[in-house]
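In: Just a sequence and a predicted model for now, questions to come.
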Amino acid sequence: MSSWDDFQIVGELQEQNQNLLLQLDAKDRELREVQNYLSKIQTSEAREGKILELAKKNRALNVAIEREKSRVVRLQSEIENVKKTTSPRRSSKGAGKPASADVGLSQHLQISSREIASWKEKFSEASKRCAEVQAKADALKTERDRLLRVLQKEVGEDASLGKILEDGSDWRGRAQQIILLKNKVRELKKELGHSGANDTGRHELQYRKNLQKLEDTRRKEKDSLARELSETNEEYRSLRMKYDANLSRKKIVESENRDLRQKLGVLLTKTQNDDKLIEALKRELQFFREKSENVEIEKRSPKKTNKRVVTILGQDSTLKQQQEQILRQEKIIVSLTNRLRSGEGLVQGLSR
């Protein structure tokens, strides 16, 4: 194998690398489209079909990524083999050729080295992008697993997701089932309407009987309520008469209480005046008693003493009379107070 064959192999590898980069770019765009597609899913009705489509697309992406990984590994091994085969041949061919051939070969080797270095750099970038694609694929796989769990909850634990993902499956989502059930309910209502038209006469007769029974029941309830209303009116009139009588009695008792209060006020005033008079008489009596103790003065003027004794005895008699009158007035006051209290109690009872 000559150096030109090696260069041709390197060119082919570079072309394959470019194709690989283009394919990785395409896969990256597909991943971005899938992410945008996932972000645009909003309604629950569209989510079912989109979940199935995303699951299929994710499965295809995983297969493509694994295929590209194997191609990258294979290309890397081929590059290593090319390096190993070109290095000993270059050393063996350099011994038998002239200097001009060595110079040309060294130039070609430098060019090929630069190209190989460039290719290695591109391969490193492709490897990085492949790693990024793998990370995105892992994220999509996680999202796919989550969506599959959601889908499993949506379709039920007994449903087989494999059959649902197959093309041509007769499985229907919740929204489609709801639509079918609504259509079925609508058809049943129509059938019920057609069947009900035949039984209209029989139902109408039954309705009339029920209506007649209801009218009889209402009439009986009305008569009963009328009797209760009449009895209530009679009871109200009786209570009204009792109330008016109690109200008149209350007014009479209040008038008597006012009279008693006036009399009681007069008696209290008179009693206070009598108390003042008694106190004055007591002071005067005490004064005369103190004067009577002076025996010598009384002996010198016996006539004057007799007059004073007579006066004192008269004042004692008056004092006793006033005390008896005060006792009588106190009894009257107590009696009036009791009557006043009984009258107030009666007024309160009537007010209630």
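Out: Arrived safely.
In: So which residues of the stretch 201-350 of the chain form helices?
Out: Assigned by DSSP state H, counting those that start in this stretch, the stretch 201-350 of the chain shows helices spanning 295-300, 302-351.
In: What of the stretch 51-200 of the chain?
Out: Counting by DSSP H, counting those that start in this stretch, the stretch 51-200 of the chain forms helices over residues 99-155, 161-165, 174-198, 200-292, given from the N-terminal end onward.
In: Near residue 144, how many residues? Count them for me, please.
Out: The burial metric for residue 144, expressed as a neighbour count using other CB atoms under 10 Å, is 21. Quick note: C-beta positions are derived from backbone N, CA and C, even for glycine.
In: Can you tell me how far it is from residue 29?
Out: For residue 144, the distance to residue 29 under the criterion CB to CB, to the nearest Å works out to 19 Å.
In: roughly how far apart are residue 273 and residue 317?
Out: As judged by CB to CB, residue 273 and residue 317 stand 20 Å apart.
In: hang on, I meant residue 239
Out: Computed with CB to CB, the distance linking residue 239 and residue 317 is 63 Å.
In: can you check residue 137 too?
Out: Taking CB to CB as the measure, residue 137 and residue 317 are separated by 138 Å.
In: These two: which is more packed in?
Out: Here residue 137 and residue 317 are set side by side on neighbour count (other CB under 10 Å), and the busier one is residue 137, at 20 against 10.
In: Please name the nearest non-neighbouring residue to that one.
Out: Counting by CB to CB, 6 or more residues apart in numbering, the nearest residue to residue 137 once its immediate chain neighbours are dropped is residue 65, at 5.3 Å.
In: What is the least confident helix or strand in this structure?
Out: The least trusted helix or strand in the chain, going by mean pLDDT, DSSP states H and E, turns out to be helix 295-300, with a mean of 50.
In: so where is the stretch 201-350 of the chain shaky, pLDDT-wise?
Out: Scanning the stretch 201-350 of the chain with the threshold set as pLDDT under 70 gives 201-203, 288-289, 291-316, 319, 322-323, 336, 339-350.
In: Recalculate using a threshold of 50.
Out: For the stretch 201-350 of the chain, residues meeting the criterion pLDDT under 50 lie at 295-296, 299, 302-305.
In: ditto for the stretch 1-150 of the chain
Out: Across the stretch 1-150 of the chain (using pLDDT under 50), the flagged ranges come out as 1-2, 42-45, 89-101.
In: try 80
Out: Low-confidence regions of the stretch 1-150 of the chain, defined by pLDDT under 80, span residues 1-131, 133-134, 136-137, 141, 144-145, 147-150.
In: Can you mark which positions in stretch 125-132 are buried?
Out: When burial is assessed from 16 or more other CB atoms under 10 Å, stretch 125-132 yields the following buried residues: 126, 129, 130.
In: If you could redo that for stretch 248-267, that was the one I meant.
Out: Of the residues in stretch 248-267, those with enough neighbours to count as buried (16+ other CB under 10 Å) are 250, 253, 257, 260, 264.
In: next one: stretch 267-285
Out: For stretch 267-285, the buried set under the neighbour-count rule, 16+ other CB under 10 Å, comprises 271, 278, 281.
In: okay if I get the residues you listed as TSV plus distance to residue 19?
Out: What follows is these, written out as TSV (distance: CB to CB, whole Å):
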residue	distance to residue 19
271	137
278	144
281	148
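In: Out of those, the closest to residue 121 would be?
Out: Proximity of the buried residues of stretch 267-285 to residue 121 (CB to CB) peaks at residue 271, which lies at 133.7 Å.
In: quick one: contacts for that closest one?
Out: When contacts are counted by CB atoms under 8 Å, 6 or more residues apart in numbering, residue 271 touches 326, 329, 330, 333.
In: Against residue 224, how distant is the nearest residue to the first one once chain neighbours are set aside?
Out: It refers to residue 326. Computed as CB to CB, 6+ apart, the closest residue to residue 326 that is not its neighbour in sequence is residue 274, at 5.4 Å. Residue 274 sits 73 Å away from residue 224, taking CB to CB as the criterion.
In: now do residue 232
Out: From residue 232 over to residue 224 (counting by CB to CB), the distance is 12 Å.
In: just residue 269 next, same as before
Out: Applying CB to CB, the value for residue 269 to residue 224 is 67 Å.
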